[in-house]
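*Asks:* Got a sequence here, can you build the structure:
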Amino acid sequence: MYMVGYFLQAVAGVFGLLIQIAIFAVVARAILSWVSPDPYNPIVKLIYQITDPMLRPFYRWVPPFYGIDWTPIVLLMVLYFVDAFVVQSLARFSHNFL
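*Replies:* Numbers count the residues shown, from 1 in each chain. Reported below is the predicted structural model:
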């Protein structure tokens with residue numbers, strides 16, 4: 001049964017890493033929105049490709065308020081919640097098998 005515990009720990013670790021990468025990409029996109037970057041820059045294109053699918057569902061629910069786009073902040077809160085609740089619960093649950 002310890003193999004299940006190690007597997008769950010690995011899944012929680014990888015999932016946590018993916019969430020941290022997503023958080024970094026959303027913060028980078030928010031910073032890019034303050035400047036006018038070159039849209040043909042490969043790094044800018046990559047950040048937009050990573051964050052667009054995550055932000056798209058929130059555009060319907062979170063309207064701009066006084067010209068400020070709040071969707072990255074809402075997405076960051078959701079990502080932090082998933083990291084704190086799901087990933088940590090999965091990591092703690094894995095200890096039951098060790």
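*Asks:* How far away from the center of its chain is the helix or strand of the chain with the lowest mean pLDDT?
*Replies:* Lowest mean confidence among the helices and strands of the chain (mean pLDDT, DSSP states H and E): helix 88-94, at a mean of 89. The chain centre lies 19 Å from the centre of helix 88-94; the measure is C-alpha atoms, centre = their mean, to the nearest Å.
*Asks:* outside of it, which residues touch it?
*Replies:* Applying C-beta atoms under 8 Å, 6 or more residues apart in numbering, the external contacts of helix 88-94 come out as 4, 5, 6, 7, 8, 9, 11, 12, 13, 15, 16. Quick note: C-beta positions are derived from backbone N, CA and C, even for glycine.
*Asks:* pull the CA atoms of it into CSV?
*Replies:* Extracted C-alpha coordinates of helix 88-94, given in CSV (Å, rounded to 0.1, in the frame of the first residue of the first chain):
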residue,chain,number,x,y,z
GLN,A,88,-2.6,19.8,0.3
SER,A,89,-5.5,17.5,0.9
LEU,A,90,-4.1,15.0,-1.6
ALA,A,91,-0.7,15.2,-0.1
ARG,A,92,-2.1,14.6,3.4
PHE,A,93,-4.3,11.8,2.2
SER,A,94,-1.2,10.1,0.7
